[in-house]
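Undergrad: structure here, sequence nowhere to be found:
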């Protein structure tokens, strides 16, 4: 690869890291509106493990708002790792990663949700990344998967 | 952006990752002196959640040394995620991230401290990064924050 | 550094991240054969904490296969952090990092193995990275280490 294309590739990787750093801050602060704005207008979230598909920002906001009571009294944090970034075309990226989710009480007691693997399609519109689709798989024992 | 400025931006991101990889090794090996050397001489650590501010390397060393008994019999590890790096000027960076802290006993039993979010100001002196200030916020339930 | 050498350095860092993202997927999916293929033919894994050294792909496959029953009924995930990447020569890298390992049951209950620090030597052959050696240290309390 030429220096320019190497620079372009690594720049995309860092752009993706920064996108998730911002999106996860919104998600973990339970800022449902702000989180929905990181999706495209027609963005889809597919909870594959429970066969539940949410399509479009309005449905995403409604669904996330309805789930808020689940986080009453806990601080939630997503810890992601092992990002793979594949450029489909100049403005479309397939990104996959694993996610560990903590719930911390006001007293500081930490508990865990099941671990997950996620497959996202990101699109760049006017120079900014958005999630076009998110597919969430709950980790299951390999023998049972 | 030109290829050169893209390369510069991503280089800073990797420089920051490497800085924390080194600083966290020193912190988690309880090397109080070595950890203090990663701060500027006047570096400040602000435990915002308990209203405790430590100013300067000498105070940092004294405070960290006094806290060492807390880690007797456990291996501590900080697991950071979601770095956001903002260049204030050529040699000043605002960096924020989340931190999960494990304590592992000699028998291998893992427990957790509350989760945190951290805001650092890093400065580059003679080509090397140092923490000029660190503000630590304990994660609290959104409703209680 | 010139823009070209900066680009080269950051490209190696991202190459390393991507290598581990792929290798950890193979490891955590218990794909013993696929995982072994990410090592050189003579690749060594040294479990320093239990004085156990596995040399060569065939021995790695045999050892990993024998350990599979340990993961029956759980989804395992490695969460790595604090990578330090040192270029020994053009095609040899020293990489060290910390690793947190989760075990998640079919019901979604998460438990933890002891934390570890790992030292790898990676080599690039025909443009692709492989693990030439892996040394695994179980984290011990500093006083007991």
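TA: In hand now; what should we look at? Note that the coordinates shown come from a computational prediction; the quantities given were computed from them, not determined experimentally. Residues are numbered from 1 along each chain as shown, chains lettered A, B, ... in the order given.
Undergrad: per-residue pLDDT, residue A:5?
TA: Looking at residue A:5, its pLDDT stands at 56.
Undergrad: just the one 4 residues further on next, same as before
TA: In this prediction, residue A:9 carries a pLDDT score of 85.
Undergrad: give the helix, strand or coil label for it.
TA: helix (DSSP: H, G, I helix; E, B strand; the rest coil).
Undergrad: touching, it and residue C:13? I think so.
TA: No. In this structure, residue A:9 is not within contact of residue C:13 by Cβ atoms under 8 Å, at 11.7 Å. The way it works is simple: take the backbone N, C-alpha and C, and place the C-beta from them, glycine included.
Undergrad: who has more neighbours, these two?
TA: residue C:13 (23 against 18; other Cβ atoms under 10 Å in any protein chain shown).
Undergrad: pretty sure that one sits in a helix.
TA: Yes. Under three-state DSSP, residue C:13 falls within a helix.
Undergrad: can you pull out the strands in chain A?
TA: A:39-47, A:52-55, A:74-89, A:92-105, A:110-112, A:116-125, A:128-138 (DSSP state E).
Undergrad: now the second one: buried residues?
TA: Buried residues in strand A:52-55, counted by 16 or more other Cβ atoms under 10 Å in any protein chain shown: residue A:54.
Undergrad: residues in contact with it?
TA: For strand A:52-55, the external contacting residues (Cβ atoms under 8 Å, 6 or more residues apart in numbering or on different chains) are A:42, A:43, A:44, A:45, A:46, A:47, A:60, A:63.
Undergrad: sheet partners, orientation included, of it?
TA: strand A:39-47 (antiparallel) (DSSP bridges).
Undergrad: so the strand it pairs with versus strand A:116-125, what angle?
TA: Angle of strand A:39-47 versus strand A:116-125, following axes from the mean of the first three to the mean of the last three Cα atoms, to 10 degrees, is 160 degrees.
Undergrad: can you list contacts of strand A:39-47?
TA: A:36, A:52-57, A:60, A:63, A:123, A:125, A:130-136.
Undergrad: out of the residues you listed, which end up buried?
TA: Of the contacts of strand A:39-47, these count as buried by 16+ other Cβ under 10 Å: A:36, A:54, A:56-57, A:60, A:123, A:130-136.
Undergrad: now the two most distant members of these.
TA: A:123 and A:136 (18.5 Å; Cβ to Cβ).
Undergrad: and residue A:124, how far is that from residue A:12?
TA: As judged by Cβ to Cβ, to the nearest Å, residue A:124 and residue A:12 stand 9 Å apart.
Undergrad: quick one: which of the buried ones among the contacts of strand A:39-47 is nearest chain C?
TA: residue A:136 (13.3 Å; Cβ to the nearest Cβ).
Undergrad: so that closest one bridges to which residues?
TA: residue A:47, residue A:118.
Undergrad: and residue A:74, by the same measure?
TA: Beta-bridge partners, per DSSP bridges, of residue A:74: residue A:105.
Undergrad: for chain A, which spans come out with low pLDDT?
TA: Scanning chain A for pLDDT under 70 picks out the ranges A:1-8, A:144-145.
Undergrad: same thing but 90
TA: Within chain A, the segments meeting pLDDT under 90 span A:1-10, A:49-50, A:142-145.
Undergrad: near chain B, which residues of it are found?
TA: Counting by Cβ under 8 Å from any Cβ of the partner chain, chain A comes close to chain B at A:3-4, A:7-8, A:10-11, A:13-14, A:17-18, A:20-22, A:24-25, A:28-30, A:71-75, A:77, A:79-81, A:102, A:104-106, A:108-110.
Undergrad: sorry, back to before: ChimeraX command to pick out the buried ones of the contacts of strand A:52-55?
TA: Selection of buried members from these for ChimeraX, criterion 16+ other Cβ under 10 Å:
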select /A:43,44,45,46,47,60
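Undergrad: redo the contacts of strand A:52-55 as JSON lines? Include distance to residue C:116.
TA: Formatted as JSON lines, those follow (distance: Cβ to Cβ, whole Å):
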{"residue": "A:42", "distance to residue C:116": "43"}
{"residue": "A:43", "distance to residue C:116": "38"}
{"residue": "A:44", "distance to residue C:116": "38"}
{"residue": "A:45", "distance to residue C:116": "34"}
{"residue": "A:46", "distance to residue C:116": "34"}
{"residue": "A:47", "distance to residue C:116": "32"}
{"residue": "A:60", "distance to residue C:116": "38"}
{"residue": "A:63", "distance to residue C:116": "38"}
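Undergrad: give me the neighbour count for residue A:107.
TA: 7.
Undergrad: and it, backbone torsions?
TA: phi -80, psi -10 (degrees, to the nearest 10).
Undergrad: next one: it from residue B:140, what distance?
TA: Residue A:107 is 10 Å from residue B:140, by Cβ to Cβ.
Undergrad: pretty sure residue A:115 contacts residue A:82?
TA: No. Using Cβ under 8 Å, residue A:115 is not in contact with residue A:82, being 11.6 Å away.
Undergrad: overlap in contacts of those two?
TA: residue A:98.
Undergrad: give the contact list for the closest residue in space to residue A:116 that isn't next to it in sequence.
TA: Spatial nearest neighbour of residue A:116, excluding adjacent residues (Cβ to Cβ, 6 or more residues apart in numbering or on different chains): residue A:99 at 4.6 Å. Taking Cβ under 8 Å, 6+ apart, we find residue A:99 in contact with A:78, A:79, A:80, A:81, A:115, A:116, A:117, A:118.
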